[in-house]
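>>> generate coordinates for the sequence data below:
(2 chains)
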2 protein chains.
Amino acid sequence: MDYLFYQPELLHGADTLSTEEAIHCVKVLRKKAGELITLTDGAGSFYTARLISASPSGCRFKVIDQTTFQKPKPDITIAVSPVKHADRFEWMIEKCTEAGAGTFIPVLCTRTQKSNIRIDRLKKISISALKQSLRPWLPEIREPMQFDELLNQFPNSARLICTAEGMPPIQWIKETNTATHVVFVIGPEGDFTIEELQRARHAGFLSVNLGPNRLRTETAAVAATTIAAAFSA
Amino acid sequence: MDYLFYQPELLHGADTLSTEEAIHCVKVLRKKAGELITLTDGAGSFYTARLISASPSGCRFKVIDQTTFQKPKPDITIAVSPVKHADRFEWMIEKCTEAGAGTFIPVLCTRTQKSNIRIDRLKKISISALKQSLRPWLPEIREPMQFDELLNQFPNSARLICTAEGMPPIQWIKETNTATHVVFVIGPEGDFTIEELQRARHAGFLSVNLGPNRLRTETAAVAATTIAAAFSA
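Below is the predicted model of the structure:
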């Protein structure tokens, strides 16, 4: 596979590429009718399809094979405070998608600085990273949520709040190795308040760290995803 | 510590900030004579010093305390192919510095695309990441090296070449957990050639992967550093 097309409507029987993908298919990859392409629905499947027509104004295809993958375990949710510079948050979305995150939730903490989260733009970045990394799973990007609301979510998952004083990876990897869903909560540039950390522990979150070094918010999100995915089954 | 000044000449008794740091000290932090600052030499020490004079044209200080840290184990060397877009390589230097890399070696592989490595610029980025992450260790950034020359280096270290077919982290973390120095070799955007992988194995390099997902060159460098640092002593 040299290029992965994204067509979410494949789940509902779509047989044409989006305009943007059609242009790329014909103008950049120079594909012609009769040639094979690979697509994903972003929901766990790769499809092999034969191009029936190939013009920049529309590419129709016929699926000839489908391979469906099991959802990776653990499923990784990154609940992370927005940061001041939007480009750093966008970079994080790209890298966490590559590294295998399943869901992003922007979390508004006491010390979160005002920032402009553009969910649509983040989704585009995520799709681009999905295609680049040849993954069949498109992460979900949720609307921002208040910190205290998050504390009530995912009662049956392994829920980890990242703080320098938490247990080190060698320990939490063992504690969470049977979990099918792991949620990491990552604080803002000024860190969580002591009260937030207390409320999280009270709500059943485990305090963990991501190694001995102080990491920026966006780096911590990538580190959490990398470590959890690296030790997945 | 709210801000970390970098002054490599502290090792040789320097007692003034660089011009750039002096401007930041006086104009941004609004420090005055008599106040305390924290500095690092980038070689493992933090220094507490009292400002003797504080003007944008020169800040003199007197060291009143020094704390020296043991070099982290394992020491991490990232030998990585340059990538086409310089900004992605620069981003990698920033993130690997934060995550705890000790040395960078740009490695020229068969499929490395021509790119403009500006060592001076990379050093600046690394210093900025050092200050941001409050680390006392400035990574060394070496001149580019040919792949085959690298194969003869570090005969007594744990030497790992990163490839999708290699052993997973859960395994190589165990294999390398007594090493004091770990070297990761990370290939170009088009990957290593089969011959390069064979020569590396023949030279004693262990083939490893960084988890189940395909990662870009620069993401792989950050993932390798993150995983190795997270499981360090």
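>>> other SSEs contacting the helix or strand containing residue A:5?
Using DSSP states H and E, residue A:5 sits within strand A:4-6. Counting contacts by 3 or more Cβ pairs under 8 Å, 6 or more residues apart in numbering or on different chains; DSSP states H and E, strand A:4-6 is packed against strand A:36-40, helix A:119-132. Just so you know, the C-beta spots here come from the backbone N, C-alpha and C atoms, and that holds for glycine as well.
>>> which stretch among these is buried most, on average?
Of all the helices and strands packed on strand A:4-6, strand A:36-40 carries the top mean neighbour count, a mean of 20, counting by mean count of other Cβ atoms under 10 Å in any protein chain shown.
>>> buried sites along stretch A:21-35?
For stretch A:21-35, the neighbour count (16 or more other Cβ atoms under 10 Å in any protein chain shown) marks A:21-22, A:24-26, A:31 as buried.
>>> could you identify the most distant pair in those residues?
Longest distance between any two of these is 10.8 Å, between A:21 and A:31; criterion Cβ to Cβ.
>>> shared neighbours of the two, anything?
Common contact partners of residue A:21 and residue A:31 (Cβ atoms under 8 Å, 6 or more residues apart in numbering or on different chains): residue A:59.
>>> so what would you say the end-to-end distance of stretch A:212-220 is?
Length of stretch A:212-220, first residue to last, Cα to Cα, to the nearest Å: 12 Å.
>>> show me what it is in contact with.
Here stretch A:212-220 makes contact (Cβ under 8 Å, 6+ apart) with A:80-81, A:83, A:88-89, A:91-92, A:162, A:164, A:168, A:186-189, A:210, A:223, B:72, B:95, B:98-100, B:132-135, B:229, B:232.
>>> would you write a PyMOL line that selects the buried entries of those residues?
The PyMOL command for the buried members of the contacts of stretch A:212-220 (criterion: 16+ other Cβ under 10 Å) is given here:
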select buried, (chain A and resi 80+81+83+88+89+91+92+162+168+186+187+188+189+210+223) or (chain B and resi 72+95+98+99+100+132+133+135+229+232)
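>>> next step: the contacts of stretch A:212-220 restricted to strands.
Among the contacts of stretch A:212-220, the ones falling in strands (DSSP state E) are A:80, A:162, A:164, A:186.
>>> and which of those residues is nearest to chain B?
Distance to chain B across the ones in strands among the contacts of stretch A:212-220 (Cβ to the nearest Cβ) is lowest for residue A:164, with 10.9 Å.
>>> skipping its backbone neighbours, what lies nearest that closest one in space?
residue A:209 (5.7 Å; Cβ to Cβ, 6 or more residues apart in numbering or on different chains).
>>> ok, that neighbour touching residue A:170?
No: using Cβ atoms under 8 Å as the test, residue A:209 is too far from residue A:170 to be in contact (10.7 Å).
>>> more neighbours: the two, which one.
A count of neighbours by other Cβ atoms under 10 Å in any protein chain shown puts residue A:209 above the other of residue A:209 and residue A:170, at 22 against 14.
>>> check which helices and strands the helix or strand that contains residue A:23 sits against.
Assigned by DSSP H and E, residue A:23 belongs to helix A:19-23. Helix A:19-23 sits against strand A:58-68, with contacts defined as 3+ Cβ pairs under 8 Å, 6+ apart.
>>> repeat that with 6 Å
Here helix A:19-23 touches no other helix or strand, going by 3 or more Cβ pairs under 6 Å, 6 or more residues apart in numbering or on different chains; DSSP states H and E.
>>> quick check: bridge partners of residue A:137?
Assessed by DSSP bridges, residue A:137 has beta-bridge partners residue A:43.
>>> show me chain A divided up by domain.
Domain ranges of chain A: A:4-68, A:75-230, per automatic domain parsing.
>>> winner for burial among those domains?
Greatest average neighbour count among the domains of chain A goes to domain A:75-230 (a mean of 19), per mean count of other Cβ under 10 Å.
>>> got the phi and psi for residue A:187?
Dihedral pair for residue A:187: phi -80, psi 180, per degrees, to the nearest 10.
>>> the contacts of stretch A:212-220 in helices, which ones?
With DSSP state H as the criterion, helices contain A:88-89, A:91-92, A:223, B:95, B:98-99, B:132, B:229 from among the contacts of stretch A:212-220.
>>> max pairwise distance over these: which two?
A:89 and B:229 (23.1 Å).
>>> so what touches stretch A:103-112?
By Cβ atoms under 6 Å, 6 or more residues apart in numbering or on different chains, the list of residues contacting stretch A:103-112 from outside reads A:77-79, A:81-82, A:117, A:139-142, A:144-147, A:150, A:187-188, A:190, A:193.
>>> cutoff 7 Å now
For stretch A:103-112, contacts defined as Cβ atoms under 7 Å, 6 or more residues apart in numbering or on different chains pick out A:77-82, A:93, A:117, A:139-142, A:144-147, A:150, A:185, A:187-188, A:190-193, A:196.
>>> now it: average pLDDT?
Mean pLDDT, stretch A:103-112: 96.
>>> do stretch A:217-233 as well
For stretch A:217-233, mean pLDDT is 91.
>>> spell out which parts of chain A neighbour chain B.
Remark: the part of chain A in contact with chain B comprises A:72, A:95, A:98-100, A:132-135, A:169-170, A:210-216, A:219, A:222-223, A:226-227, A:229-232, using Cβ under 7 Å from any Cβ of the partner chain.
>>> repeat that for 6 Å
A:95, A:98, A:100, A:133-134, A:169-170, A:211, A:213-215, A:219, A:223, A:226-227, A:229-231 (Cβ under 6 Å from any Cβ of the partner chain).
>>> excluding chain neighbours, what is closest to residue A:157?
Counting by Cβ to Cβ, 6+ apart, residue A:181 is the residue found nearest to residue A:157 once chain neighbours are left out, at 4.1 Å.
>>> circling back: partners of the strand holding residue A:5, with directions?
Here strand A:4-6 is paired, per DSSP bridges, with strand A:36-40 (parallel).
>>> what comes into contact with the next helix or strand after the partner strand?
Where DSSP H and E defines the elements, the next helix or strand beyond strand A:36-40 is strand A:45-55. The contact list for strand A:45-55 (Cβ under 6 Å, 6+ apart) reads A:26, A:31-33, A:35-40, A:60-68, A:136.
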